[in-house]
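In: quick one, structure for this:
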Amino acid sequence: MTGKEFQAARLALGLSQTQLGKVLKVPVNTIRTWEHREGDVPAWAAEMLDWLKRGEVPELPAGRAGVPGRVVRKG
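Out: Numbering: from 1, shown residues only. You can find the predicted model right below:
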């Protein structure tokens with residue numbers, strides 16, 4: 001997923017950069033960097049965004065960005 005695709009997916013979900021940063025447990029500056037880069041965002045972040053688009057909520061262990069925990073389906 002490119003930075004532009006990542007940004008489009010975030011916007012389609014109605015999330016701000018700050019909100020997505022909190023979900024992914026990364027600083028908002030990281031979200032900004034990913035959205036403006038020419039290459040792909042990290043695979044784990046793209047996968048988590050896909051989970052959110054499907055209505056699933058990824059749960060990350062505290063302080064462990066990039067290490068998926070479990071996925072909870074929203075009812």
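In: ok, which stretches of the protein are strands?
Out: Applying DSSP state E to the chain gives strands spanning 56-59, 70-73.
In: residue ranges of the helices in the protein, please?
Out: 3-12, 17-24, 28-36, 43-53 (DSSP state H).
In: okay, the ones you listed in JSON lines with mean pLDDT and mean neighbour count next?
Out: In short, each C-beta sits where N, CA and C put it, glycine included. What follows is the helices of the chain, written out as JSON lines (pLDDT from 0 to 100; neighbours: other Cβ atoms under 10 Å):
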{"stretch": "helix 3-12", "mean pLDDT": "95", "mean neighbour count": "16"}
{"stretch": "helix 17-24", "mean pLDDT": "92", "mean neighbour count": "17"}
{"stretch": "helix 28-36", "mean pLDDT": "95", "mean neighbour count": "17"}
{"stretch": "helix 43-53", "mean pLDDT": "89", "mean neighbour count": "17"}
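In: before we move on, back to that, least reliable of the strands of the chain by average pLDDT, please.
Out: Lowest mean pLDDT within those: strand 70-73, at a mean of 46.
In: show me what contacts Asn29?
Out: Listed by Cβ atoms under 8 Å, 6 or more residues apart in numbering, Asn29 has no contact partners.
In: oh sorry, the question was meant for Lys22
Out: By Cβ under 8 Å, 6+ apart, Lys22 has no neighbours at all.
In: likewise for the one 10 residues further on?
Out: When contacts are counted by Cβ under 8 Å, 6+ apart, Arg32 is found next to Gln17.
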